[in-house]
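Chemist: Quick one, fold the following:
(2 chains)
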Amino acid sequence: MDLELAMQSFLQESAELLEQMESILLDAEADSITAEQLGALFRSMHTIKGSAGLFGLDEIVHFTHQAENLLDQLRDGHLQLDAELSGVLLRSHDHVKAQLAAVAAGQPIAPGEQDNILADIAALLPPADMPPPSAEAYASSSEPATDSEWLLSLRFGPDVLRNGMDPASFVRYLATLGQIQAIASCCSSLPADDSFDAERNYLRLEVQFCGAVDGEQLASVFAFACEGSQFIISPRTELASHLQQALQAGDAAEQQSCRDIWQQWGLWQPLADSAPLPTASVAADSLPTVATTADSKARNSESRFIKVEAGKLDSLINLVGELVIAGAATNLLARSHGNSPLLESTVVMAGLIEQIRSHTLAMRMVPIGETFSRFPRVVRDVGHELGKSIKLEISGAETELDKSMVDKLADPLTHLVRNAIDHGIEDVQQRRAAGKPEQGHVWLNAYHESGSVVIEVADDGGGLDPQRILAKAIQRGIISSDAMLGEQDIYRLIFAAGFSTAERISNLSGRGVGLDVVQKNIETLRGTVEIDSEIGLGTTFRLRLPLTLAIIDGFLVEVGSSTFVIPLETVVECMELPARPGCTDMPERLQLRGEILPLLYLRQFLELDGQAGRRQNVVVIQTGASRVGLVVDALQGEFQTVIKPLGSLFRHLKAISGSTILGNGAVALILDVLALIQHATQQEAGRYTLEQDPYQPAGNRQPHNNDMSSGK
Amino acid sequence: MTKPAEPEQYLSFQLGADVFACNILQVKEILEYHRLTSVPQMPAFVHGVMNLRGTVVPVIDLALRCGRPASAILRRSCIVILEAGHEAPRQYIGMLVDAVHEVISLCADDILPAPAFGNHLRPDFIAGVSHWQQRYILLLHMDKVLSIEEMASLSSPPAVQIKAESACLMS
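Modeler: Purely as a prediction, here's the structure:
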């Protein structure tokens, strides 16, 4: 087994476990924690400890062991989860994360934080504890801290090797808990012939062990190999029942070889001189089976996801795209030959291909909830630091977004959320004075709108004060004092680099770096940021992002020989352009049920060649509040499509947001409806300004006049 | 200097009456011409975009890009796909040529500097000139000819574009 690979999967698995742990801890703050959740917490620490042990990461084993002890106390009800305890656990979580990061980077980790946390954990643990590793103290156990002798029959299941576990490592770990007095292997099931399977485990072990542990601790050593395996663990004092149990488990050959081993050890005599059983030890017997069921349940839920490299998925999507085109070509061929059985089978195939395609495309999409899930923690930490009580409400977490976008959204969103808490939400006193509930609210919301994804970060804080922003901007020299700005333009000033209205500089924000970075990040994703604000009521930052590489439902239209895709969400209705007898010029607007609709002729606007046919069609599109009729030659209907980016050569194109490949293999361009309308509006506005002011440079009537300087 | 340089291979192709060549290492593949999707609001030398096995690839009309009259699409018209740019995700770009001839081997000694004028081409596009079977061949500097940076900036606002095109024609 490749150790490097194993290490990678260990790091990944641990990261997932830590994430799970964090979310449970944060949930538990709001509600009371359930036994199931406590079990999950314990398991995550325990699994990390076990796996770290396999790699010889002693630092992590040592630390997680302590955290596990703490969790164990919690699970047994000796401690109650309160704010202090969950704080310590969260810090432990952070520390393990840092340790793992250090392992991944191959660097040593600074010891300072670890000692602090360990001291805190020690303070929380009941004082009767012994120093590690014999830290467990069981009230129910008759011999709490002295060495006790144990008998272990370890029947590792046939699949443990395949599951990536090495029985030897368990033995090694066992040796750290105490002393292995005797160990013998029993390989009676090992086949001598060709049926030997190198990946199958045939090893069974009999162990005599001595250490300051209890039954549960021993059981937990093997807890994560217990699927398909059988571990019989009994105190030495229960020799008879142990031997009997162990003998029941195996087949005849195994029984015989076990007997031989025990005989050698002097344990097995017909009806051994077993001492009476003075202690309560029923728990130890039933424990392994309990652990098995709990663990296998957890494992089932884990295996619902498969990790796939993104590049593999991309090439699969490309191949399926080719398949769709090839399928369409076959269908055309069958049609031209008039072979109806063949035609029928190609239609069936086309249906299947279409299903494969939509499934593969959906694989790249991930719910944004993955990103949102980190925010309860951010809100909690920032809130604590600032002494504000904040409630975070998340909605639309199931909104799907391309994986690559999701990754790039995390940083800007974190910035906005921190800003909302620090600048947006007022102090408790101010809130009380304003008659608002003391607890501040931050909302995170995501939804699809008009072919884009909208993410809102809202707060119920003080809102933005346009006058203050204006004053500050003038003071900082961002704008001149006589500038006339609309409300939106004023809000936009807070995105300027070096702008901050915070009176004092806090640890978190107020230094004026941040919002400009947010805007830059969003712009690289080809998105926009809008701000809504009401003084005294709160502020909403609205990020509007395109679905690059996402699937959109498109509406195909034809102009001359070109085909264009209009995002279906923007299409309101379609109709024929009413013919006006005796009138040859093109109408500039259309009266639609009492509403006046401006018409945009796609052929003229995009300077396409060809002559308009006798019958033209109008596609009514809506973005935000504005409705426009697009005049096209023909309508071809709906089409689900993958957006293919056009590449940097076309980055100045405003009205085209991307391209897609049609069923016949041709490329169609996707219209950016919002930009199209803006472009048309500005062009017209510019044209008439130009007539009034003949000295204005010609480039200014274009919306992208900023590019002039970089143009040449 | 003691050892004669290994001959390098070039792909020669026809553009109007002239024969050009480019280094074969950049050439990805050669495709028969089929109808492309034209992209509005782009300068004329951007002939359109095509579907190259699921990737959308821009195709440049090399004649227009070199300041000559546009290529007529004929039976032997071809699209040569090249790798453009040096940055990490390499971009494919197609160029439309009138015909593709053959792969030729040229040593460094065979390649001469271009004459000072009379090439009907922007000087920075020319990597050198050579002779091959009594024909005069212009070797193109493809990184310059198909520079995405420059072409993208040319396709920005119309005012700049006209200026750039006239500058291109003048030189």
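
Chemist: Please make it C-alpha for all contacts and neighbour counts, starting now.
Modeler: Noted.

Chemist: Let me see the confidence value for residue A:342.
Modeler: Listed pLDDT for residue A:342 reads 90.

Chemist: same question but for residue A:701, I mixed them up
Modeler: According to the model, residue A:701 scores 40 on pLDDT.

Chemist: before we move on, what about residue A:551?
Modeler: pLDDT, residue A:551: 61.

Chemist: Which one of the residues in the stretch 51-200 of chain A is closest to chain B?
Modeler: residue A:105 (24.2 Å; Cα to the nearest Cα).

Chemist: burial measure for that residue, as a count.
Modeler: By other Cα atoms under 10 Å in any protein chain shown, the residues close to residue A:105 number 9.

Chemist: What ranges does chain B have for its strands?
Modeler: Secondary structure of chain B (DSSP state E): strands located at B:8-15, B:18-23, B:27-32, B:46-52, B:55-61, B:78-84, B:91-97, B:99-106, B:126-132, B:135-140.

Chemist: could the ones you listed go into TSV alongside distance to chain A and mean neighbour count?
Modeler: As requested, those are exported to TSV (distance: least, Cα to the nearest Cα, whole Å; neighbours: other Cα atoms under 10 Å in any protein chain shown):
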stretch	distance to chain A	mean neighbour count
strand B:8-15	23	19
strand B:18-23	21	19
strand B:27-32	15	14
strand B:46-52	6	22
strand B:55-61	7	23
strand B:78-84	11	21
strand B:91-97	8	23
strand B:99-106	23	16
strand B:126-132	21	17
strand B:135-140	20	18
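
Chemist: Now for the closest residue in space to residue A:667 that isn't next to it in sequence: which residues touch it?
Modeler: Spatial nearest neighbour of residue A:667, chain neighbours left out: residue A:661 (4.6 Å); criterion: Cα to Cα, 6 or more residues apart in numbering or on different chains. Residue A:661 sits next to A:641, A:642, A:644, A:667, A:668, B:51, B:54 when contact means Cα atoms under 8 Å, 6 or more residues apart in numbering or on different chains.

Chemist: Three-state assignment for the nearest residue to the last one once chain neighbours are set aside, please.
Modeler: Excluding its sequence neighbours, the residue lying closest to residue B:54 (Cα to Cα, 6+ apart) is residue A:318, at 5.4 Å. Classification of residue A:318 by DSSP: H, G, I helix; E, B strand; the rest coil places it in helix.

Chemist: How about the contacts made by residue A:318?
Modeler: Counted by Cα under 8 Å, 6+ apart, residue A:318 has contacts B:53, B:54, B:55.

Chemist: from the residues you listed, which has minimum pLDDT?
Modeler: pLDDT across these is lowest for residue B:54, at 74.

Chemist: Would you mind identifying the helix or strand in the chain with the lowest mean pLDDT?
Modeler: Using chain A. Lowest by mean pLDDT, DSSP states H and E among the helices and strands of chain A is helix A:707-711, with a mean of 38.

Chemist: Can you say which helix or strand has residue A:453 in it?
Modeler: Assigned by DSSP states H and E, residue A:453 falls within strand A:452-459.

Chemist: Please name every helix or strand in contact with the helix or strand hosting residue A:15.
Modeler: Using DSSP H and E, the element containing residue A:15 is helix A:3-30. Judged by 3 or more Cα pairs under 8 Å, 6 or more residues apart in numbering or on different chains; DSSP states H and E, helix A:3-30 is in contact with helix A:35-54, helix A:83-105, helix A:375-386.

Chemist: Cheers, nothing more for now.
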